[in-house]
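[1] Provided below for reference: sequence and predicted model.
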Amino acid sequence: MARVQEWYGPHTSTAAEWPLDALLLAKGTTTVSVVLPARDEERTVGDIVRVIRRDLVERTPLVNEILVVDSNSTDATAARAAAAGARVVAQDAVLSQLPPLTGKGEALWKGLAATSGDIVVFVDADLRDFGAHFVTGLLGPLLVDPDIQFVKGAYERPFTGADGVPRRGGGGRVTELVARPLLNMFWPELAGFAQPLGGEYAGRRAILEQVPFVTEYGVEFGLLVDLLELAGLDALAQVDLGTRAHTHQSTTALGRMAGQILQTAWSRLERQGRLFTAEPPAHTLLQFGLDGQADLVDVAVAERPPLASLVHEEDVA
């Protein structure tokens, strides 16, 4: 853990340490894209886009484009996002020559492909009480320090139960029960990240296009592990963004997410030559409901290749 302690101080900051005027001065000619993956988020996506456009496009020209990737929503997500000022693209319409895949990671990868910013900021579309500091905090280290390639958001994640009372430390259940133990066991250099599965992060396009994207909920775990291997720990940073309030998933849904993260970790261990097995792990998960009914679900994860390799192949063709 000595390496983590050495990394933590110089590579951890708070959003308040990155004032808007300083970022605008550091921005220069760098372009910034903000990507929101969204599936059935009509209640929150418009407010998030509106804040980013008002504070970081119109009042201060820090962000160059806001893109919402509509991940096959069945509600008014696309209309609300467009009305608030975002450019909206349908997930399956981006690189439509490729067979469509499902999942959050697919929306993120398509968002990377559909934008042009030198720096790309990813923000989940289900956040409540959203503030522009979620974007400015993530941009700070990237705009000021050329050696930083990727920044993760850190925050307090309260859990609000059926009684409507938020409880500190109650959120991030899959993080604490699955992701954090895995990272400490196999990639202890990453143990200093407070929210390894958090959905708010930013990176330089040049490096984001060099790593694969797991298409399901293992995407954040896979990105951290792959970027550590590609760029090293000192190229990664985290910024405390305060409190993150969002929609909570059911225990059943969290179980499926946990299965996808385990599949993602397994694939990285194999790829790094740290795990050898005659058979791949099973990708089915049998879950039991309160009524005793059993459901067999598939937690397999697919991957999109590094975007740079795809662009290169198209250029050669």
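    In hand now; what should we look at?
[2] Going by residue numbers, what spans are strands in the stretch 51-200 of the chain?
    Using DSSP state E, counting those that start in this stretch, the strands of the stretch 51-200 of the chain run over 65-70, 87-90, 119-122, 127-128, 150-156, 159-160, 166-167.
[3] Tell me which of those strands lies nearest to Val135.
    strand 119-122 (5.5 Å; CB to CB). (C-beta placed from N, C-alpha, C; glycine too.)
[4] related to what we said a few turns ago, can you tell me which of the strands of the stretch 51-200 of the chain is nearest to Gln97?
    With distances scored as CB to CB, the stretch of the strands of the stretch 51-200 of the chain nearest to Gln97 is strand 87-90 (14.6 Å).
[5] what are the pairing partners of the closest one, and which direction each?
    Neighbouring strands of strand 87-90 in its sheet, by DSSP bridges, are strand 65-70 (parallel).
[6] Which residues does the strand it pairs with contact?
    By CB atoms under 8 Å, 6 or more residues apart in numbering, the residues outside strand 65-70 that reach it are 31-39, 45, 49, 52-53, 57, 77-78, 81-82, 85-91, 94, 107-108, 110-111, 114-117, 125.
[7] can we see that at 7 Å?
    The contact list for strand 65-70, computed with CB atoms under 7 Å, 6 or more residues apart in numbering, reads 33-38, 45, 49, 52-53, 77-78, 81, 85-91, 107, 110-111, 114-115, 117.
[8] now swap in stretch 23-37 and tell me
    So stretch 23-37 is contacted by 45, 48, 52, 60, 62-69, 71, 104, 107-108, 111, 115-123, 125, 135-136, 139-140, 143-144 (CB under 7 Å, 6+ apart).
[9] In PyMOL, select just the buried ones from these.
    Buried members of these, defined by 16 or more other CB atoms under 10 Å, are picked up in PyMOL with:
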select buried, resi 45+48+52+60+62+63+64+65+66+67+68+69+71+104+107+108+111+115+117+119+120+121+122+123+125+135+136+139+140+143+144
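[10] Helix or strand: which one has the residue lying closest to Pro281 once chain neighbours are set aside?
    Using CB to CB, 6 or more residues apart in numbering and skipping residues adjacent in sequence, the residue nearest Pro281 is Trp266, 5.5 Å away. In the assignment (DSSP states H and E), Trp266 maps to helix 251-271.
[11] how about the strands of the stretch 51-200 of the chain, which one is nearest Asp226?
    The minimum distance between Asp226 and those falls on strand 150-156, with 10.2 Å, by CB to CB.
[12] Give me the sheet partners of that closest one and which way each runs.
    Take DSSP bridges as the rule and strand 150-156 pairs in its sheet with strand 201-204 (antiparallel), strand 236-243 (parallel).
[13] Run through the residues that contact Thr102.
    Thr215.
[14] 10 Å instead, please
    Arg39, Ser71, Asn72, Gln91, Asp92, Thr215, Glu216, Ala302 (CB atoms under 10 Å, 6 or more residues apart in numbering).
[15] Trp187 too?
    Residues near Trp187 by CB under 10 Å, 6+ apart: Pro196, Phe221, Leu224, Val225, Leu228, Glu229, Leu233, Ala265, Arg268, Leu269, Gln272.
[16] Now list the buried members of those residues.
    Listed as buried from the contacts of Trp187 are Pro196, Phe221, Leu224, Val225, Leu228, Leu233, Ala265, Arg268, Leu269; burial here means 16+ other CB under 10 Å.
[17] residue boundaries of the strands in the stretch 201-317 of the chain?
    For the stretch 201-317 of the chain, the strands defined by DSSP E, counting those that start in this stretch occupy 201-204, 213-214, 236-243, 245-246, 284-288, 294-298, 303-304.
[18] as a whole number, average confidence for the fifth one?
    What it means is strand 284-288. Here strand 284-288 scores 95 as its mean pLDDT.
[19] swap in stretch 223-238?
    What stretch 223-238 shows for mean pLDDT is 98.
[20] dump the residue contacts of Asp55.
    By CB under 10 Å, 6+ apart, the contact set of Asp55 is Leu20, Leu62, Val63, Gly131, Ala132, His133, Val135, Thr136.
[21] Quick one: residues contacting the second one.
    Taking CB under 10 Å, 6+ apart as the contact definition, Leu62 lies against 20, 23-24, 27, 30, 32, 34, 52, 55-56, 132, 135-136, 139, 143.
[22] which regions of the stretch 151-300 of the chain sit below the pLDDT cut-off?
    159-171, 246-248 (pLDDT under 70).
[23] The helix holding Trp266 - contacts with which helices or strands?
    Counting contacts by 3 or more CB pairs under 10 Å, 6 or more residues apart in numbering; DSSP states H and E, helix 251-271 is packed against helix 104-114, helix 173-174, helix 180-186, strand 213-214, helix 219-231, strand 284-288, strand 294-298.
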